[in-house]
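Enquirer: No letters, just coordinates:
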């Protein structure tokens, strides 16, 4: 649910992309605050089984809201023209019959590298021209067809050139390291609070404070990210460094008042990072491949989040407290910042 919604915003906005993404993504901060309190009340009323059923029904509404997600206008026009070209053979001719007010279609014939005549059907939308090869004009064989289908499948899932790009791997490693640190801290803050003597009610409010500050920060950092004087990559590095230092030092905070200051700062910083992440990804590799690059990114983030919390729990079992766990999380934030710094250096060299 998260990936198509994020990609849709990035594809639609150019001028205020950071702010648009921040406004769209601040819903997760609201959800963190609301559901943290709602879940506790529902469990008291309906037990955990009834709570899961009710929250499953709420989550299902994402399918309804997903119906409102549309690709950019240019892409929709291309898809419509594709359907017209396939559905109506009379709509295509070499003279360029009009498909719509701003589009034309025509056929071209060229020779491939083997000297074979290949027919292509092209359609023009404003100044954008797209051509599709007619497979029936090319000599076919089982091996060629099977390899072509395999290649099409791979290309539909991911952009292979991204995996050959060292800068992309640096970005993926940085995001994975961030997720490792974030998941540990976010998941274990309530347990750490109760271990040092706080009540469950106070621990719940610590998590809620993350959601509140997270919501505010996404809009704030969205505005900052659109300013010309702000370098988004540098801003992300500063966010990660601050998150790392504050998380490592959070083990010294034992009172509820001090702890909620830390969780509010933590939520504010994390919200800014998450807001800028897809925008920086589009800056680095372009909006043309944002769906595939963001999907690849979220795969690595998902794997990292899957293993991080069990490792954090293992550290607690080995040391009998959460100090080592939060120090490791703080160091991971700083490593993620260092990887982004290395990526920025390589990007500057390539640009020069």
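Expert: Perfect, I can see it now. Since the structure is predicted, the reported quantities are computational estimates derived from the model, not experimental observations. Numbers count the residues shown, from 1 in each chain.
Enquirer: Which residue ranges of the stretch 201-350 of the chain form helices?
Expert: 232-249, 256-285, 290-319, 323-351 (DSSP state H, counting those that start in this stretch).
Enquirer: can I get these in TSV with distance to residue 66?
Expert: Glycine gets a C-beta too; all of them are placed from N, C-alpha and C. TSV is the format used below for the helices of the stretch 201-350 of the chain (distance: least, Cβ to Cβ, whole Å):
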stretch	distance to residue 66
helix 232-249	28
helix 256-285	18
helix 290-319	15
helix 323-351	31
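Enquirer: Could you break the protein into its assigned domains?
Expert: 2-70+159-351, 83-138 (automatic domain parsing).
Enquirer: Make JSON lines from these and add mean neighbour count and distance to residue 77 to it.
Expert: As requested, the domains of the chain are arranged in JSON lines below (neighbours: other Cβ atoms under 10 Å; distance: least, Cβ to Cβ, whole Å):
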{"stretch": "domain 2-70+159-351", "mean neighbour count": "18", "distance to residue 77": "12"}
{"stretch": "domain 83-138", "mean neighbour count": "13", "distance to residue 77": "5"}
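Enquirer: Compare the helices of the stretch 201-350 of the chain and give me the one nearest residue 68.
Expert: helix 290-319 (17.6 Å; Cβ to Cβ).
Enquirer: Any chance of JSON lines for the helices of the stretch 201-350 of the chain, columns mean pLDDT and distance to residue 26?
Expert: Compiled in JSON lines, those are given as follows (pLDDT from 0 to 100; distance: least, Cβ to Cβ, whole Å):
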{"stretch": "helix 232-249", "mean pLDDT": "93", "distance to residue 26": "16"}
{"stretch": "helix 256-285", "mean pLDDT": "89", "distance to residue 26": "8"}
{"stretch": "helix 290-319", "mean pLDDT": "87", "distance to residue 26": "18"}
{"stretch": "helix 323-351", "mean pLDDT": "90", "distance to residue 26": "22"}
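Enquirer: before we move on, the earlier item: so which of the domains of the chain is nearest residue 149?
Expert: domain 83-138 (11.1 Å).
Enquirer: coming back round to it: any idea which of the helices of the stretch 201-350 of the chain gets closest to residue 174?
Expert: helix 323-351 (3.8 Å).
Enquirer: can you give me the angle the helix ranked longest in the chain makes with helix 232-249?
Expert: If you go by DSSP state H, the chain has its longest helix at helix 17-66. Angle, helix 17-66 to helix 232-249, by axes from the mean of the first three to the mean of the last three Cα atoms, to 10 degrees: 80 degrees.
Enquirer: do you know which of the helices of the stretch 201-350 of the chain lies nearest residue 219?
Expert: From the helices of the stretch 201-350 of the chain, taking Cβ to Cβ, the stretch that ends up closest is helix 256-285, at 8.4 Å.
Enquirer: got the angle for the closest one vs helix 323-351?
Expert: Going by the same axes, to 10 degrees, helix 256-285 makes 30 degrees with helix 323-351.
Enquirer: coming back round to it: can I get the domains of the chain in a markdown table including distance to residue 149?
Expert: Formatted as a markdown table, the domains of the chain follow (distance: least, Cβ to Cβ, whole Å):
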| stretch | distance to residue 149 |
| --- | --- |
| domain 2-70+159-351 | 15 |
| domain 83-138 | 11 |
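Enquirer: Thanks a lot, see you next time.
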